[in-house]
Every structure is written in C-alpha cells, then in structure tokens.
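Trainee: quick one: sequence plus predicted model below, questions after.
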Amino acid sequence: MLGLLSKFMPGVCLVACGLLMFWLAFGFEKALAQNTVFIELPARTQLAIALSAPLDSRTAQAGDTVCGQLTHAIRISTSDAYNDTAVAQNARVCGTIRRIEPPAEGRDTVMSIQFGVLEAILPWGTEAIVFQGHLKTPHSDHTLGGWLTPGAKARHVPYRVTQFNDYSRALWESKERLMGRSIYFETGSRLVVVLDEAVRISPSF
C-alpha cells in the first residue's frame, strides 16, 4: 500500500500545485479587475503645451508631425490616490498638420493641425494614448492664421469655395490689399490643445 502511494504521490502533488496556481492567478486577475484605476479626461479638457521644435508655415507641409510637452500636470477631482494628478507635467502631445494655405494678397497663411497622441506619464508607467483634439484658436474651425491684411475687404459668400483663386476673389475685394504673412512659432511657444471627446485611461497590465 505504501509503495502504491509513493508511486502516485508525485503526480498527485503536481496536480494539486497546478490547481493551486490556477486558483491564485484567477483570484489575482479578479482582484485586479475590481481595483483597476480608471482615469477619465472629460471632453473639452485643455492641454497647455510648449512646442518641442519651431513651427514655420514656409517650410512645413501637410502630414508633418507637430509635438509639444505639457507645461502643467492635468488634475482631476478624485478621492483616490495619486494626488489627483491624471497626467504628469512634460507628457508629450503630438499632432499632424492637416492643411496649409500659403499667404495671399489680402489674407495670412491658414494652417490646421489635428492632435491625436498623448504620451502620458501615468502613476503606473508611460503609455501612448490616442485621442482627438484641436488647437484652441479664435476661429470656429480651429485654424491658425487666416486673418485679413490691411486694405482687404471681406465679402460674405454662402459657401466656402475650394479653389484657392476663386476663394481669394470671392472674399477679398480690394486693389490695395497687402500680401499676407506666414505663421511662425519658435521652440517653447505655448499653445492649447482641446479634447474633442472624453478620454478614458486605464493600466495596460
């Protein structure tokens, strides 16, 4: 009898150990899911950034990447840990130039940038978070530039003409209009990115 037990004992111990490890792993995953920290940045949250490199409309092209770093930590109201800091200062924010219209007689350069990646320094590590955001500008379409130059007179049209020459003739009626200016921001220039939608952040482990 003892010989029979000694023969099967290693196998029984191995199965028991396997079941114990499975139970422990299942319990850990369940506890982790119940205690996972979720951070949500509401829509219209403003991200103040300082440009990491100069931005010059004379050399920039549609498709170029524009990056900056958060000048201040993003804080949210919470009773949890992490001192209410959702995203730490110096997190990297990047976007893509979607459109550039060169300066013309009567109007400055127009530039549109769509932001979409936040390399967040979070309490549990660094993660690349995808989002949708735009620059905060005085224009309703969130573009930079586009101001009329001295001597230019805007005429209202019921639609935006897509051809540049037609657009110019339609909006800027004046023989004395001046040539528009380019857009230039030096390294460290401050811009504000606004979230179009809420962003939910959770640990990836």
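Mentor: Nice, thanks for sending it over. Numbers count the residues shown, from 1 in each chain.
Trainee: V194: what's it in contact with?
Mentor: The neighbours of V194, taking C-beta atoms under 8 Å, 6 or more residues apart in numbering as the test, are R44, T45, Q46, L47, G133, H134, L135, K136. Quick note: C-beta positions are derived from backbone N, CA and C, even for glycine.
Trainee: output the helix or strand containing it as PDB - backbone C-alpha positions only.
Mentor: For V194, the enclosing helix or strand under DSSP states H and E is strand 190-195. Presented in PDB, the C-alpha positions along strand 190-195 are these (Å, rounded to 0.1, in the frame of the first residue of the first chain):
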ATOM      1  CA  ARG A 190       2.700  78.000 -25.800                       C
ATOM      2  CA  LEU A 191      -0.300  76.500 -27.500                       C
ATOM      3  CA  VAL A 192      -3.500  74.900 -26.100                       C
ATOM      4  CA  VAL A 193      -5.000  71.600 -27.300                       C
ATOM      5  CA  VAL A 194      -8.600  70.900 -26.600                       C
ATOM      6  CA  LEU A 195     -10.000  67.400 -26.300                       C
END
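Trainee: show me what counts as buried in it.
Mentor: Within strand 190-195, the residues scored as buried using 16 or more other C-beta atoms under 10 Å are L191, V193, V194, L195.
Trainee: what of stretch 99-111?
Mentor: I100, E101, P103, A104, E105, G106, R107, D108, T109, V110, M111.
Trainee: do a quick rundown of the helices in this structure.
Mentor: Ranges of helices in the chain, per DSSP state H, are 2-35, 164-171.
Trainee: L47 against V192, yeah?
Mentor: Yes: using C-beta atoms under 8 Å, L47 is in contact with V192, at 6.9 Å.
Trainee: quick check: bridge partners of L55?
Mentor: Here L55 sits in beta bridges with F185, going by DSSP bridges.
Trainee: give me the mean pLDDT for the longest strand anywhere in the chain.
Mentor: Ranked by residue count and defined by DSSP state E, the top strand of the chain is strand 110-122. Per-region confidence: strand 110-122 scores 88 on mean pLDDT.
Trainee: now do stretch 182-197
Mentor: Stretch 182-197 carries an average pLDDT of 96.
Trainee: cool, and stretch 134-144?
Mentor: Mean pLDDT, computed over stretch 134-144, is 94.
Trainee: list the contacts for Q114?
Mentor: Here Q114 is in contact with G95, T96, R98, Q132, G133, H134 (C-beta under 8 Å, 6+ apart).
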